[in-house]
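Visitor: pasting the sequence and the predicted coordinates here, then a few questions.
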Amino acid sequence: DEEDLKRRLLELSVLYETSNLLGYSLDYNQIVSLIMQALYKVLHYDVCSILLLDFAPSGEIITRINKPIKEDLTKDIQSNIIAAIMPFIKRMITAEDIRINIQKNYKDEDKIDEFKEMKSFANIPLIFREDVIGMLNVCSNSTNAFSRNEMTFLHTLANQLSSHLGRLKIVKDLERSKIKSLIQSMTEGVIMMDENNQLEIINHAACQLLELNDNTSSEEIFKILKEMNLDTTYDNSLKQGKTFIDKAVIYKEKSFSVNVSPVTDSDKNRLGTVLVLRDFTELQKINRIKTQRLETIAKVNLIIKSISDLKNLLSVLMEVILNVANADTGSIQLNISKKLLTQVHSNFPDKIRDQYKFKTGQTISEYVAKTKELCFIEDYINNKIVDNSPKILIDWYIAIPIMVKNGLLGIINIARKHSSQKQIVTQDDLNTLSTITTLSGTAIQNAIMYQETL
């Protein structure tokens, strides 16, 4: 239903954003903070604690408290997470040994309503390459606070957290020579300066992004940093021992997101500075396209809700679908008296549409009526599962079922005539078309009922 769709869209949006941010973070505090923020957007927990074994001498518990709770309850939660991890590790740890980091996300005046107990909680071990490197705990004062879907989302983010913390653990444990090998294999552009601000390594990805060669000097790097207006950020990172995340810069007409991070050993001695560059020029274009599509979906939703005449509604929907898909032929069939009848089409009458079928003789719309799932036949001319002998050649064919309460209301058929300039249909295109079709289903049904009432 609509609520499930909204929830799923929220989860996917949070996962997409968090994955992008985690991908180039070299600070474990930043990673933990991102995970806690992402979890709260979906789960709305009261307390989240993450126990890390390898990022402080004896371990560290980072706790985010969103509502005031008794101090003894905070200690109980910490004891709980320690007890939960003990069966997985080979050494004893106690709360006295572990560094405690508490982040209060509420106002002091709210303390009059302090919670005295937690009625729901979940512990998930953080596993990286079969080793337990920590534990994730969420608590709520509500009974049965976390649904099955939320637990699935929790496990997904726990896996992401494990993966990225494990990556940091590798970097922390490797010798400098191994770090160089790792940096060379990274897909992001990475530049590492040593403790004397001399270029230690620049990987192939960074050379390609900045149009440099392997013989680049330290002076050239600092010249580029100045052109990017990153020289001050670099100096501040040195002075403050601080990581700067997502500095947006433009260099040679490319848009970059840059992280500047100090590298230290276990004793906090500076080993150098790492710069991670990610080219998001294309990502910006994709985001613009996605924004335009969301606006289109919103407009379509308003339009179709305002049309009660079935014929007008289907005509408008046909035009919108063809524009979004950049297609030139299509039809909308409705399930009337258990038979699919074409109600509106654009250069796609039944005698033409029926030519597009599988080797078995079953038409594509008949197949979709049976499976009730979207069918996308790409590279139609060369596709071996379909009959390749229609009179009009096409590049691709999309058939989308119009569903209302698990019942088949109709089918939208879209095709693009064969052209030398083929336009690829992406998964985002299919998702947009599916969303518009879903939004249209109820409106079509209402128009049918309105027509029957008249």
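Guide: Sure, I can see it.
Visitor: neighbours of I69, how many?
Guide: When neighbours are defined as other Cβ atoms under 10 Å, I69 has 24 of them. All C-beta atoms are positioned from the backbone trio N, CA, C, and that covers glycine.
Visitor: in contact with it: list those residues for me.
Guide: By Cβ atoms under 8 Å, 6 or more residues apart in numbering, I69 lies in contact with D46, V47, E114, F115, K116, M118.
Visitor: now do the phi/psi pair for R64.
Guide: Note on R64: its backbone torsions stand at phi -110, psi 120 [degrees, to the nearest 10].
Visitor: hang on, N29 in a helix?
Guide: Yes: applying DSSP: H, G, I helix; E, B strand; the rest coil, one finds N29 inside a helix.
Visitor: can you pull out the strands in the stretch 151-300 of the chain?
Guide: 189-194, 199-202, 244-251, 254-264, 270-279 (DSSP state E, counting those that start in this stretch).
Visitor: packed most tightly, which of the ones you listed would that be?
Guide: strand 189-194 (a mean of 22; mean count of other Cβ atoms under 10 Å).
Visitor: let me see the mean pLDDT of it.
Guide: With pLDDT averaged residue by residue, strand 189-194 scores 89.
Visitor: got the contact list for it?
Guide: Here strand 189-194 has contacts from 179-180, 183, 199-203, 205-210, 218, 221, 263, 271-279, using Cβ under 8 Å, 6+ apart.
Visitor: restrict that strand to CA atoms and write it as CSV.
Guide: What follows is strand 189-194, C-alpha atoms only, in CSV (Å, rounded to 0.1, in the frame of the first residue of the first chain):
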residue,chain,number,x,y,z
GLY,A,189,41.6,9.3,-6.3
VAL,A,190,44.0,9.3,-3.3
ILE,A,191,47.0,11.4,-2.5
MET,A,192,49.2,10.7,0.6
MET,A,193,51.6,13.3,1.9
ASP,A,194,54.1,12.3,4.6
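Visitor: how big is the angle separating it from strand 270-279?
Guide: Comparing the axes of strand 189-194 and strand 270-279 via axes from the mean of the first three to the mean of the last three Cα atoms, to 10 degrees yields an angle of 160 degrees.
Visitor: between strand 189-194 and strand 254-264, how big is the angle?
Guide: 30 degrees.
Visitor: name the strands paired with strand 189-194 and say parallel or antiparallel.
Guide: Take DSSP bridges as the rule and strand 189-194 pairs in its sheet with strand 199-202 (antiparallel), strand 270-279 (antiparallel).
Visitor: nearest to A95, out of those?
Guide: strand 270-279 (31.1 Å; Cβ to Cβ).
Visitor: what is the mean pLDDT for that closest one?
Guide: 86.
Visitor: what does that strand rub up against?
Guide: Here strand 270-279 makes contact (Cβ under 8 Å, 6+ apart) with 23-24, 26, 176, 188-195, 197, 200, 206, 209-210, 225, 230, 234, 237-238, 241, 254-265.
Visitor: least confident secondary structure element in the protein?
Guide: helix 281-305 (a mean of 67; mean pLDDT, DSSP states H and E).
Visitor: that older thread, and of the strands paired with strand 189-194, who's closest to I100?
Guide: Using Cβ to Cβ as the measure, strand 270-279 is the one of those that comes nearest I100, at 26.0 Å.
Visitor: just want the angle from the closest one to strand 244-251.
Guide: Using the same axes, to 10 degrees: strand 270-279 against strand 244-251 is 50 degrees.
Visitor: circling back to that earlier point, any chance of a markdown table for the strands of the stretch 151-300 of the chain, columns distance to L136?
Guide: Supplementary listing: the strands of the stretch 151-300 of the chain in a markdown table, determined by distance: least, Cβ to Cβ, whole Å:
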| stretch | distance to L136 |
| --- | --- |
| strand 189-194 | 28 |
| strand 199-202 | 34 |
| strand 244-251 | 22 |
| strand 254-264 | 24 |
| strand 270-279 | 25 |
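Visitor: quick check: which of the strands paired with strand 189-194 is nearest to L73?
Guide: So among the strands paired with strand 189-194, strand 270-279 is nearest, using Cβ to Cβ, at 39.4 Å.
Visitor: what separates the closest one from the chain centre, distance-wise?
Guide: 24 Å (Cα atoms, centre = their mean, to the nearest Å).
Visitor: what of stretch 357-377?
Guide: With Cα atoms, centre = their mean, you get 31 Å for stretch 357-377.
Visitor: quick check, pLDDT for the closest residue to S185 other than its chain neighbours.
Guide: Using Cβ to Cβ, 6 or more residues apart in numbering and skipping the chain neighbours, the partner closest in space to S185 is N203 (7.9 Å). Looking at N203, its pLDDT stands at 90.
Visitor: show me what contacts N203?
Guide: I183, Q184, S185, M186, G189, V190, I191.
Visitor: try L26
Guide: By Cβ under 8 Å, 6+ apart, the neighbours of L26 are L168, V171, T243, N259, S261, V274, V276.
Visitor: quick one: the strands in the stretch 351-454 of the chain?
Guide: 375-377, 394-404, 407-417.
Visitor: who wins for proximity to I364 among those?
Guide: strand 394-404 (5.0 Å).
Visitor: for the closest one, which residues meet the burial criterion?
Guide: I394, D395, W396, Y397, I398, A399, I400, P401, I402, V404 (16 or more other Cβ atoms under 10 Å).
Visitor: partners of it, with directions?
Guide: Strand 394-404 has these strand partners (DSSP bridges): strand 375-377 (antiparallel), strand 407-417 (antiparallel).
Visitor: hmm, who's touching stretch 248-259?
Guide: So stretch 248-259 is in contact with 24-26, 209-211, 224, 227-230, 243-247, 274-281, 284, going by Cβ under 8 Å, 6+ apart.
Visitor: try 7 Å this time
Guide: For stretch 248-259, contacts defined as Cβ atoms under 7 Å, 6 or more residues apart in numbering pick out 24, 26, 211, 227-230, 243-247, 275-281, 284.
Visitor: just the CA atoms of that stretch, as CSV, please.
Guide: Provided in CSV are the C-alpha atoms of stretch 248-259 (Å, rounded to 0.1, in the frame of the first residue of the first chain):
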residue,chain,number,x,y,z
ALA,A,248,33.2,20.7,-2.8
VAL,A,249,35.7,22.0,-5.3
ILE,A,250,35.9,22.6,-9.0
TYR,A,251,39.1,21.9,-11.0
LYS,A,252,39.4,21.9,-14.8
GLU,A,253,35.6,22.1,-15.2
LYS,A,254,35.1,19.0,-13.0
SER,A,255,33.3,18.9,-9.7
PHE,A,256,35.0,17.1,-6.9
SER,A,257,34.2,16.1,-3.3
VAL,A,258,37.4,16.1,-1.3
ASN,A,259,38.3,14.7,2.1
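Visitor: and the nearest residue to S217 once chain neighbours are set aside, what are its bridge partners?
Guide: Excluding its sequence neighbours, the residue lying closest to S217 (Cβ to Cβ, 6+ apart) is L199, at 6.8 Å. L199 forms beta bridges with M193, as assigned by DSSP bridges.
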